[in-house]
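Trainee: Structure, please.
(2 chains)
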Amino acid sequence: MNPAAGCLLPLAPWTARIVGVFGKAVSLLHPDGALVSVVSRAEHLEARAMMPASGWDAFAAGMAHALDAAARDEFALATWDGARLVGAHGTTLDLAGCETWDPRPTLAGLASGPDKMMWSAVADRLMDMLFMAHAATGTDEGILGDGAIARAFAARLCSTRFPVCIVGFGPGTTPSGDDWIAGYLCAADSVSGAPGQAVPGFRGAIRQALDRTTAAGRSLLLGAIAGVAPAYLVRLAEGAAALARALGRDSEQAASEAETLVAAALDAALRHGATSGEDALLGFVAGLREHRA
Amino acid sequence: MKRITLRKDSYYDSVFLMLAARDIKSMAGVNDAVVAMATPMNIELLTDMDFDKATLDSLAPNDLIVAIDARDEKSIEAATTEAFDALTRKKAAEPTSGLGRAGSMAAALKLAPDANVAIISVPGAYASREARKALDAGLHVMLFSDNVSLDDEIALKKSAVSKGLLMMGPDCGTAIINGKPLCFANVVKRGSVGIVAAAGTGLQEVSCLIDRFGAGVSQGIGTGGRDLKNAAVGGMTSLLAIEALAADPATKVILVVSKPPAPDVAAKVIAALKASGKPAVAHFLGMPLPADEKRLAYAADLEEASLLAALFASGTPDALSARARIAEDSDNNRYSRPSRASIQAIAAKEAKELGADQKFLRGLYTGGTLTDEALFIAHKALGGVWSNNQTDKAWQMPDPRKSTGHAIIDLGDDMFTDGRPHPMIDPAARAERIAQEGDDPTTAVILIDVVLGYGSHADPAGAAVDAIHKARAAARKRGGYLPVIASMTGTAADPQNLDGQKAKLEAEGVVIMPSNYRAALVAVEIAKLAQGGRR
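Mentor: Presented below is the predicted three-dimensional model:
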């Protein structure tokens, strides 16, 4: 495995504040107000993430110690010089020679092949799978279901202030509305074949509203606006495109194989965050439905 | 009433925030709770929900809001305190307090280089791999996970034995190592009785009874349910545990508790106990009792096993003397073990007002070993009891969700816990079943276990009383009476407040017996009276 860095990683050098050490990522708050993530596996890559070839566990442990040791009024810091990330107490992560991770060519290629009408069938299938998964294990605290937040979100989708009124909306360190937007734009990019360019007005409105969300949300949306969806959504888009092609060929075997791909991608998506995967899937389905023609 | 509390500049994992919101919402008196970041849209949402806008001014999107809507001041205080305790604990568990969070076994070992036990609770498919990593790193393992294959268990135990390490499990829920309760375990006195038990509630019951009988526990080593039962596993962990207890200076008495071992495994266990040079007690549930040997006593039930072990620990020199001391206590007062006559009197009183249709015993258990003990007693005494734990195939329940005849059900079995928490953690499933049995006019007596200690629900008695009340009221309405008999596995030092738990159940008319064994005897007597038509 080679080290990788998302194509929107801020240019070196910079120093960022270590704000969280979680099971899958170390979160750094860049001076631009959006997070940079150091992730352990390729499936967690996104626009502003970096992934070492090895050594993540020790690095995360070192960053956890640094956070622990930081005094109340001081922050634990990490510095990026373009090849190495050096944390407090000298914990170092080597990313020399890292490859650039940019999913846009992949997303651009998804549009050719599928009959655009088939995207609608794929959207319906995804929605069925999502509802089944939600019924089995989902929560009422998100934007899917019957809870208060779900009802408020539904109202905002119809609001004249849409889409700004869903930026920063909902629970989670990355608010649910931001995940929905990322899913929506990923779908729009997949269908149009023009990542970062479809629905320019929508993108412009989101760009103006980036200060209305958390650092994590801002990081996600910067990527989404540029057409750089997180890896798990790219995987879902690939599965969806495969299914759309298979449905268009009217081949049962191809459809069955593609469904398996989609199911695996959906499972992986639903394990993302608390409701992030689910929220993004909702947005993805909405994006497919709107842009199929 | 509504209240908002804030934490500035906060970065928490979203899953944690969701679970925190869910926990707060489940607290008594809380109508709703929102745990969210202070983005303008979330502030607008909370304002729409009639939370005070003024409190939400001047917040930044990376600030955390905990908004609680509760019935009264007391509920809101409790919920707010819990919310921020949880956030503080989370921060403490993450970096600050010496409890670290790691994403892998390797990272965990770097954070805790002096660790000598790994407790593993991951889905079965991954459990073996993680256990192997721990053993390779020289750690003893407590494998809480189930769904580990027999082949994997054998391989892990062979590896552990070759390294002189304890491989406790799989499906090992309870251990007490050098006085430290691990997973589901009770706070018991430290003393000189070393226990080797298959898992779970058997170890909990004997450790609590030993505590009650005035002795204490040096070690409680769980081995997993197949260790002694399966000839291929051959008791590898049990035998190593006995060897370890033999060498442990803090252990003066060894107690082994299990379902009947495979025959040649039993012989090895007995030989190991004799070779230990220490007085020992063996209880193999359901096995015919061999004659005691000088310093090896065979117990018929968990209560007797505990008492014999406690007597050995107090200096009683041999099995004969221990039996004599028990026999001297003819009123069964010294050790608070109600006599046969007293049990019959309790049963007669409870059975007096049974309705004509009430015929059957319904045991609703959260602990597997306690289920098995009650089942063994009742099956013999009542001529047949249905169960999902039955070894007699003729009496395996066709559908454990529906009782017919006499039935004793282990509600902790996999079929009930698929997608739901274990009933010791969340007693709601057992409360539902109590209500179901209470609606059945043929139910003559309900028998339950109440297990306290670490890992168990904070208020298992409280979680059952509503259902018990309704079940008994339903019986009254039908012109009958529904006795509920309980045992309580726990000590005064357990977090749930033993006396308080007893008081709650007794206020509902539940008869609490001092051991599962005695509770089962009372329930069986009531069922016999119900069947015999004598009141």
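
Trainee: Distance check, the residue lying closest to B:V188 once chain neighbours are set aside against B:A310.
Mentor: Nearest residue to B:V188, sequence neighbours excluded (Cβ to Cβ, 6 or more residues apart in numbering or on different chains): B:D211, at 4.2 Å. C-betas here are computed from N, CA, C, even on glycine. Separation of B:D211 from B:A310 (Cβ to Cβ, to the nearest Å): 9 Å.

Trainee: Counting by contacts, list what the helix or strand B:D372 falls within packs against.
Mentor: Per DSSP states H and E: B:D372 is located in helix B:368-382. The helices and strands touching helix B:368-382, judged by 3 or more Cβ pairs under 8 Å, 6 or more residues apart in numbering or on different chains; DSSP states H and E, are helix B:200-212, strand B:360-365, strand B:407-410, strand B:443-451, helix B:516-532.

Trainee: how does it look with 10 Å?
Mentor: Counting contacts by 3 or more Cβ pairs under 10 Å, 6 or more residues apart in numbering or on different chains; DSSP states H and E, helix B:368-382 is packed against helix B:200-212, helix B:302-313, strand B:360-365, strand B:407-410, strand B:443-451, strand B:484-489, helix B:516-532.

Trainee: contacts for stretch B:71-81?
Mentor: Contact with stretch B:71-81 is made by B:1-5, B:23-31, B:33, B:66, B:68-70, as judged by Cβ atoms under 10 Å, 6 or more residues apart in numbering or on different chains.

Trainee: In it, which residues are buried?
Mentor: B:75-76, B:78-80 (16 or more other Cβ atoms under 10 Å in any protein chain shown).

Trainee: go on, stretch A:106-124?
Mentor: Buried-residue list, stretch A:106-124, by 16+ other Cβ under 10 Å: A:106-108, A:110-111, A:114, A:118-123.

Trainee: What is the neighbour count of the residue nearest to B:V188?
Mentor: 24 (other Cβ atoms under 10 Å in any protein chain shown).

Trainee: Kindly report the same for B:L245.
Mentor: So B:L245, with other Cβ under 10 Å, has 27 neighbours.

Trainee: Could you dump the buried residues of stretch A:106-124 into CSV and include pLDDT?
Mentor: Output for the buried residues of stretch A:106-124, formatted as CSV (pLDDT from 0 to 100):
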residue, pLDDT
A:T106, 96
A:L107, 96
A:A108, 95
A:L110, 93
A:A111, 88
A:P114, 72
A:M118, 86
A:W119, 89
A:S120, 87
A:A121, 88
A:V122, 92
A:A123, 92
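
Trainee: just the helices in the stretch 1-150 of chain B please.
Mentor: Ranges of helices within the stretch 1-150 of chain B are B:14-25, B:40-48, B:73-91, B:105-111, B:124-136, B:150-163, based on DSSP state H, counting those that start in this stretch.

Trainee: what's the least confident stretch among those helices?
Mentor: The minimum mean pLDDT among the helices of the stretch 1-150 of chain B belongs to helix B:105-111 (a mean of 72).

Trainee: For the residue nearest to A:R218 when sequence neighbours are not counted, which residues are in contact?
Mentor: Ranked by Cβ to Cβ, 6+ apart and with sequence neighbours excluded, the top spatial neighbour of A:R218 is A:A34, at 4.0 Å. Neighbouring residues of A:A34 by Cβ under 10 Å, 6+ apart: A:8, A:10, A:28, A:47-48, A:210, A:213-223.
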